[in-house]
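[1] Show me the folded form of this:
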Amino acid sequence: MKLWNKKPAMIISVVLISVILLGSIYYLTMYPRRGTVREFDVSMPLGALLSKKEAEQDLTYLYNHLRSRHPVWLDGSQALTQAVENQYNIELANLNDSVTVLELWQSAGRIAAQLNDGHTWVKWKNPNTTLYIDNFYATQRLWQPSGYQWGADRRNIGSISFDDLFRIAILC
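    Numbers count the residues shown, from 1 in each chain. Just a heads-up that it's a prediction; the model follows:
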């Protein structure tokens, strides 16, 4: 009778320990979202200056992070990995002694763009949301009086019409 009671408890314990051990191994080594950003920090203003060393460190961090996590390196796609490495080296070579945050984000974006991957991108977290428009759909909401029919009369920002502005934004 005692053997009958010990056997299920032992089996349950072994199964439970095995599940915890295998789950831990998976989470620490193969979980695709390990080490990813949980919450975006507010970025420095776009005009803030960084030293060449700081910019190199940021670009190197991005490149190393892509190499350790991105499926292109895990799958062994030589053409894309070579394109990213080439762009990374070009961006490092073209860094000035001082770099603005905007220039750094543009460089990082050019590196990420080499992956041709809609899931890997660089995002600037705006510290002051009233200064910049993130997308051009906001312009319709911001400058559209109530009862306004889009296209009924043309609106401009400076000398550029909204139609031209949208066309430029789509081509970028």
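[2] what's the weakest-modelled helix or strand in this protein?
    Lowest by mean pLDDT, DSSP states H and E among the helices and strands of the chain is helix 137-142, with a mean of 49.
[3] any idea which helix or strand comes after the longest helix along the chain?
    The longest helix of the chain (DSSP state H) is helix 2-29. Later in the chain than helix 2-29, the nearest helix or strand by DSSP states H and E is strand 49-51.
[4] just checking, what packs against that next one?
    Applying 3 or more C-beta pairs under 8 Å, 6 or more residues apart in numbering; DSSP states H and E, we find strand 49-51 packed against strand 98-100. C-beta here means a position set from N, CA and C on the backbone, and glycine is covered the same way.
[5] what does the average pLDDT come to for the strand it packs on?
    Computed over strand 98-100, the mean pLDDT rounds to 92.
[6] ok, and what's touching that strand?
    For strand 98-100, contacts defined as C-beta atoms under 8 Å, 6 or more residues apart in numbering pick out L46, G47, A48, L49, L50, S51, K52, E54, A55, S107.
[7] continuing past that strand, what's the next helix or strand?
    If you walk from strand 98-100 toward the C-terminus, the next helix or strand you reach (DSSP H and E) is helix 101-113.
[8] Tell me how far that following helix lies from the chain's centre.
    In terms of C-alpha atoms, centre = their mean, to the nearest Å, the gap separating the centre of helix 101-113 from the centre of its chain is 11 Å.
[9] Could you give me the buried positions within that helix?
    Across helix 101-113, burial judged by 16 or more other C-beta atoms under 10 Å covers V101, E103, L104, W105, S107, A108, I111, A112.
[10] What distance do you get for A9 to L16?
    Distance of A9 to L16, given as C-beta to C-beta, to the nearest Å: 10 Å.
[11] what domains does the record give for the chain?
    Domain assignment for the chain by automatic domain parsing gives 49-113, 137-171.
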